[in-house]
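J.: Take this sequence and fold it.
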Amino acid sequence: MLISSALAQGVRALGRVGSASRTKRPEALAAELGMPPWKIDRTRQQLRGWTAAGLAQAHAAVAEADAQVKGEGVSAGYALERAITTIVASRSPS
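T.: Below you'll find the predicted structure:
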């Protein structure tokens, strides 16, 4: 479950920072997004190569894996493997 949670936090952060104004400084976004400024900077760097559709696909893969890991599936390991494969495929080459 820890891996599933970490994947979910990462994809959520990408979505939150990606949908925020790109012209605002990290310090201004920190309170709005509930994230420290250094994490906003790092997440903005990680956003390179992601599209809105790709983030949506990655988010859906993480949600499915989370449900599988929490008892809906037979193999938590396989669910995480599928999620990671889908996340990697969802990102556009930069």
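J.: how near is the residue nearest the centre of the chain to residue 32?
T.: For the chain, the residue nearest the mean C-alpha position is residue 11 (0.6 Å; Cα atoms, centre = their mean). In this view, residue 11 and residue 32 are 19 Å apart by Cβ to Cβ, to the nearest Å. Glycine gets a C-beta too; all of them are placed from N, C-alpha and C.
J.: Could you identify the helix or strand that succeeds whichever helix or strand the residue nearest to the centre of the chain is part of?
T.: Assigned by DSSP states H and E, residue 11 belongs to helix 2-19. Using DSSP H and E, the helix or strand that follows helix 2-19 in sequence is helix 26-33.
J.: Enumerate the positions of that next one that are buried.
T.: 26, 29-30, 33 (16 or more other Cβ atoms under 10 Å).
J.: residue furthest from the geometric center of the chain?
T.: Farthest-from-centroid check, the chain (Cα atoms, centre = their mean): residue 74, 24.1 Å.
J.: Can you give me every residue that contacts that one?
T.: Applying Cβ atoms under 8 Å, 6 or more residues apart in numbering, we find residue 74 in contact with no residue.
J.: mind listing what the residue nearest to the centre of the chain touches?
T.: By Cβ under 8 Å, 6+ apart, the contact set of residue 11 is 55, 58-59, 62, 87.
J.: These into TSV, with extra columns for pLDDT?
T.: Below are the contacts of residue 11 laid out as TSV (pLDDT from 0 to 100):
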residue	pLDDT
55	94
58	95
59	95
62	94
87	94
